[in-house]
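Asker: got a predicted model here, sequence first, then my questions.
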Amino acid sequence: AQTVLPDLIILDIRLPDIDGYEVARRVRTDRRTNEIPIIFLTEKRERIDRLQGFEVGADDYITKPFDVQELRLRVRNSLKRVSQGSLTNPVSGLPEGPLVEERLSEAIHKSGWGLLHICINHLDSFREAYGFVASDDVLRAISLMIHNTMKETGSAEDFIGHLSPTDFVVVVIPANLAPFQDRIRSRLEQSLDYFYPIKDREQASKRSDRLSIQIAEIPSVYGRFSSVDQLKRDLLTKS
C-alpha cells in the first residue's frame, strides 16, 4: 500500500515474520490506509480472537477453509460499506460505523441512557455447516426481532446498531431496559433451534457450538466512560 492503495485488504492472521494483528494496527495508524477495509483470514474460531481482530480495526473475518463464494460475498459487502460510507450493515440494514460511534458518544456525554450488548455466539460454526446464505438469514431474523421488540417496548429515541457483524448495541432509556431485555432474551432463546434444519435440531441442541445468545447490560453510561472506544471495549468483554 506504499505506492498503489488497494480497495480492500485480505489479511491472514498467521504470517511468516509478523502477525496479522500487527499489520492491521499499522494499516489503521497510517493516514493513507486507515480507511481501507480489512478482512481477516484465519483458522482461529475462538470469540476472543475475532474480538481482537475487530479491536485493531478489522471490518470482517472468514475462517479457513473457506467457501470462495462466501469470500466473494464478504468482499462485495465490505466494498459496499465503503461506498455507502460504512453507515449501515449490508446484511441487516442496521446502523454501524460512524452512526454507532455518534450515538454512543451522545450516550456517554448525556445522562438518561442505558445500554444492552447482544452477541450471537457460534454463528461462524453455523455458517461452516449450512453456508453463508443461511447464516445471513439468521442475522437478518435476529435483527428483525430486536427491531420489533424495540418498537413494542421502546421509545422513538432508542437506537439499535452493530458493534461488529455479530454484536448489537441497543441504547434505551433506563426504564425500558428491563422489559426490553426480558422480552428479547425470551424471543431469541425460543427461536434459535428453528434456524437449524428439522433433521438436525435434536443433535444441534446438544452441541457445545450451537447458536446461542449473550446479553450484557450497562444501566447507566453517563460519566462512566472517557471515550467511545473504552465503552466498546467494556461491552465486548462483558459477553
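Answerer: That came through fine. Residues are numbered from 1 along each chain as shown.
Asker: what's the residue most central in space within the chain sitting at in phi/psi?
Answerer: Taking C-alpha atoms, centre = their mean, the centroid of the chain lies closest to Ser164, which sits 2.2 Å from it. Dihedral angles phi and psi of Ser164 (degrees, to the nearest 10) take the values phi -150, psi 170.
Asker: likewise Gln214?
Answerer: phi -120, psi 140.
Asker: run a quick neighbour tally on it.
Answerer: Burial measure for Gln214: 14 neighbouring residues, criterion other C-beta atoms under 10 Å. Quick note: C-beta positions are derived from backbone N, CA and C, even for glycine.
Asker: do Val100 as well
Answerer: Val100 sits with 24 neighbouring residues when counted by other C-beta under 10 Å.
Asker: going on from the strand or helix carrying it, what's the next piece of helix or strand?
Answerer: In this assignment (DSSP states H and E), Val100 forms part of helix 98-109. Remark: after helix 98-109, the chain's next helix or strand is strand 114-121, criterion DSSP H and E.
Asker: tell me the gap between the worst-scoring helix or strand of the chain on mean pLDDT and the middle of its chain.
Answerer: The helix or strand of the chain with the poorest confidence is helix 47-55; it has a mean of 74 (mean pLDDT, DSSP states H and E). Mean-position distance between helix 47-55 and its chain equals 10 Å (C-alpha atoms, centre = their mean, to the nearest Å).
Asker: tell me how far Lys199 lies from Asp67.
Answerer: Using C-beta to C-beta, to the nearest Å, one gets 22 Å for the distance from Lys199 to Asp67.
Asker: likewise for Tyr222?
Answerer: Using C-beta to C-beta, we find Tyr222 at a distance of 45 Å from Asp67.
Asker: what's the answer for Phe54, then?
Answerer: Plainly put, Phe54 is 22 Å away from Asp67 if you go by C-beta to C-beta.
Asker: who's more crowded, those two?
Answerer: Phe54 (21 against 13).
Asker: contacts for the helix ranked longest in the chain?
Answerer: Longest helix in the chain by number of residues, with DSSP state H as the criterion: helix 132-153. Residues outside helix 132-153 that contact it (C-beta atoms under 8 Å, 6 or more residues apart in numbering) are 67, 69-70, 73-74, 91-94, 118, 120, 123, 126-127, 158, 160, 165-166, 168, 170, 172, 176, 179-180, 183-184, 187-188, 191, 195, 211.
Asker: for it, buried residues please.
Answerer: When burial is assessed from 16 or more other C-beta atoms under 10 Å, helix 132-153 yields the following buried residues: 132, 135-136, 138-139, 141-143, 145-146, 149-150, 153.
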